[in-house]
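> task: produce atomic coordinates for the following.
(chains A and B)
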Amino acid sequence: MGRHEDRQEEFREFAATRGARLFRTALLLTGGDWHAAEDLAQTALGKAYASWGRVRRADNRDAYVRSVLVRAHLSQRRLKSSGERPSAELPEGAYGDGDPALRVALLQALAQLPPKDRAVLVLRYWEDRSVEQTAAELGLRAGTVRNRSMSALARLRELLGGDRESLTTI
Amino acid sequence: MKLDEQDLGAAMAEAVGGVRPPVTRLVEGAALRGRRFRARRRLAVGTATCALAAVVAGSSWLAVGGAGNGTGERAGGTIRTMPGMTDGGPGEVTFPDFSGLPREDTTPPGKEVVTDRALAQVLDELLPRDARSEAYSAVVNGPRADGKATGTGPYDIIVRTPAGPAAVSDADVHLYSAFHRSRYLGELFSCAAGEDERTHLALRAQDPASCGVRNLADGSVLMLLTFESDGPNGEDGGNSAWLLRPDGVLVSAASYGAGGSAPAHTPADLERLVTSERWQVYVDPGVNERAEDFRPFRGFDGAVPDGGREDLG
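Numbers count the residues shown, from 1 in each chain, chains lettered A, B, ... in the order given. Predicted coordinates:
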């Protein structure tokens, strides 16, 4: 097998093992828009494919590709001014386990936050990144991440209203 | 009861943890997009640095030998230096004196920014008669107001014939109006491959089979590249030519053969194409007027410019 084929195979293995997690992150970033999430995850992995020689040497490939994903998300949101809402048509059975009411409530609430606030919350609480790591990935100052995180969380509480109880009893 | 950080993390996990992503489609779609991103990057011009570059060390994994030794090493074989040319890089070619050019990229009096149709018409007229395309598309990227170029650049222009079975020919031409301001001008006109921002964009994506750089009589710097196909499912083979003119404009042209087929245009064809004096960013108004009825022109499909700058990593 030549170098080109080796690298193709290496990329495919990476994408197959990390794709699911990346897609879930994309789903949160897009506020539950399945098709936008798929598009976003494909874009991030596609960019990784195009620069695989560089990505494969990264200390943390996952962090590298996640950064691409988040930046692509913010970039796309800048280009598209259309409002975002959870997709009404979801692939049947795609959501598998979990509480559907909670899922809908949380994703709808996330969708109403500004894209950067959503990115802060997703990186901090889904990806479990520290304030400093989140700041580095988003190109923000740590203080800005702290402030955005607090205000976004407060806004999320408002948006969830009566649905909040179901979240806090998980 | 308040929603705290722990609650949110757990709620997010509950909301999407059970999701069954379309992994196979993600992998296949990503590979397809990745190949397009690479093709796009070959065409892109500029010295924008991907913000992610700092995440990893951008060391060169490929190097060519010194000027005049005829060959250099590449991972998959040898980079041949084209006959009568050098490997380029600092000291191997002389760059035009750009000091007299305006510091601001503004439209000269009596001229206007060329339109996409006018560029498409130029490409049609410059291609050999038997290689003309069924359709053309072009886009003028730059400051705009009310849909028109404002007159203050820089402008970044792409004109192309569509790829695919319907195309008689497949060629892309790219103009950048202020390339001489690039930080790494000397390094960019070098056959030395690598992956950082000081490497020629075409060389970051794919190892060339042959490469050459030389000065032309008017002081322009010309770089020619050839890439070999990796077969129907691998990288496309192709040729490209890059010309930096004394007026600071860069004209590049590329032709790639899809699915393992040979590119429609040889390096010599592309050299003739990029050295045409008809490639101008600022033109007499009559040039744009004459192109208003140019057909076939179907507008740009958006595949190249949309987000292209971000892909320059």
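
> make it CA atoms for all contacts and neighbour counts henceforth
Will do.

> does residue 13 belong to a helix or a strand, and which?
I went with chain A, as the question did not name one. helix A:3-29 (DSSP states H and E).

> my question was about chain B, not that one.
Going by DSSP H and E, B:Ala13 is in helix B:5-16.

> now do B:Leu222
With DSSP H and E as criterion, B:Leu222 is part of strand B:221-227.

> measure B:Gly248 to A:Val120 for me?
As for B:Gly248, its distance to A:Val120 is 42 Å (criterion: Cα to Cα, to the nearest Å).

> more neighbours: which of these two?
The neighbour comparison of B:Gly248 against A:Val120 (other Cα atoms under 10 Å in any protein chain shown) goes to A:Val120, with 29 against 21.

> am I right that the more buried one sits in a helix?
Yes. Membership of A:Val120 in a helix is supported by DSSP: H, G, I helix; E, B strand; the rest coil.

> okay, now the domains of chain A?
Chain A breaks down by automatic domain parsing into domains covering A:1-85, A:97-170.

> how about those, which one is nearest B:Val113?
Between B:Val113 and the domains of chain A, the tightest spacing by Cα to Cα is seen for domain A:1-85, at 24.5 Å.

> who's in contact with the residue lying closest to B:Ala171 once chain neighbours are set aside?
Closest residue in space to B:Ala171, ignoring its immediate chain neighbours: B:Ser255 at 4.7 Å, by Cα to Cα, 6 or more residues apart in numbering or on different chains. Counting by Cα atoms under 8 Å, 6 or more residues apart in numbering or on different chains, B:Ser255 touches B:170-172, B:238-240, B:263-265.

> quick revisit: how about the domains of chain A in CSV, adding mean pLDDT?
Converted to CSV, the domains of chain A look like this (pLDDT from 0 to 100):
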stretch, mean pLDDT
domain A:1-85, 80
domain A:97-170, 84
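
> could you dump those into CSV with distance to B:Ser210 added?
Supplementary listing: the domains of chain A in CSV, determined by distance: least, Cα to Cα, whole Å:
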stretch, distance to B:Ser210
domain A:1-85, 18
domain A:97-170, 38
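
> residues in contact with B:Ser220?
B:Ser220 neighbours (Cα under 8 Å, 6+ apart): B:95-96, B:243-246.

> nearest to B:Arg35, of those?
For those, the nearest to B:Arg35 is B:Leu243 (25.1 Å; Cα to Cα).

> quick one: that closest one is in a strand?
Yes. Per three-state DSSP, B:Leu243 lies within a strand segment.

> what about B:Thr94, how many residues nearby?
Count around B:Thr94 with other Cα under 10 Å applied: 16.

> and it, how close does it get to B:Asp218?
According to Cα to Cα, B:Thr94 and B:Asp218 sit 11 Å apart.

> same question for A:Gln42.
46 Å.

> in the helix holding A:Glu13, what's buried?
Neighbour-count burial for helix A:3-29 flags A:7-8, A:11-12, A:14-16, A:18-29 (criterion: 16 or more other Cα atoms under 10 Å in any protein chain shown).

> now narrow those to whatever sits close to chain B.
A:12, A:15-16, A:19-20, A:23-24, A:27-28 (Cα under 8 Å from any Cα of the partner chain).

> A:Thr144: which of the residues you listed is nearest?
The nearest member of these to A:Thr144, counting by Cα to Cα, is A:Leu28 at 21.0 Å.

> surely the closest one touches A:Leu123?
No. Applying Cα atoms under 8 Å as the test, A:Leu28 and A:Leu123 come out as separate, 10.0 Å apart.

> coming back round to it: so for the strand holding B:Leu222, mean pLDDT?
Per-residue pLDDT over strand B:221-227 has a mean of 91.

> that one and chain A in contact?
No. Using Cα under 8 Å from any Cα, strand B:221-227 never reaches chain A; the gap is at least 13.8 Å.

> give me the residues contacting that strand.
So strand B:221-227 is contacted by B:93-95, B:189, B:206-216, B:236-245, B:267, B:271 (Cα under 8 Å, 6+ apart).

> in helices, which of those appear?
Using DSSP state H, B:267, B:271 are the members of the contacts of strand B:221-227 that sit in helices.

> the helices in the stretch 1-150 of chain B, which residues?
In the stretch 1-150 of chain B, helices defined by DSSP state H, counting those that start in this stretch lie at B:5-16, B:23-43, B:116-126, listed in chain order.

> packing partners for the first one?
To tie it back to what came earlier, the one meant is helix B:5-16. helix A:3-29, helix A:100-111, helix A:164-168 (3 or more Cα pairs under 8 Å, 6 or more residues apart in numbering or on different chains; DSSP states H and E).

> adding distance to B:Glu277, write the ones you listed out as JSON lines.
Output for the helices and strands packed on helix B:5-16, formatted as JSON lines (distance: least, Cα to Cα, whole Å):
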{"stretch": "helix A:3-29", "distance to B:Glu277": "39"}
{"stretch": "helix A:100-111", "distance to B:Glu277": "52"}
{"stretch": "helix A:164-168", "distance to B:Glu277": "67"}
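
> more neighbours, A:Gln42 and B:Asp218?
More crowded of A:Gln42 and B:Asp218, by other Cα under 10 Å: A:Gln42, with 29 against 9.

> check which helix or strand the more buried one maps to.
Using DSSP H and E, A:Gln42 maps to helix A:34-50.

> any buried residues in that helix, and which?
Per 16+ other Cα under 10 Å, helix A:34-50 contains these buried residues: A:34-50.

> apart from its chain neighbours, what residue comes closest to A:Pro100?
Using Cα to Cα, 6+ apart, the closest residue to A:Pro100 is B:Ala15 (7.5 Å).

> how near is that neighbour to A:Ala20?
In terms of Cα to Cα, B:Ala15 sits 14 Å off from A:Ala20.

> ditto for B:Thr266
Where A:Ala20 is concerned, B:Thr266 sits at a distance of 43 Å (Cα to Cα).

> could you confirm B:Glu289 falls within a helix?
Yes. Assessed by three-state DSSP, B:Glu289 belongs to a helix.
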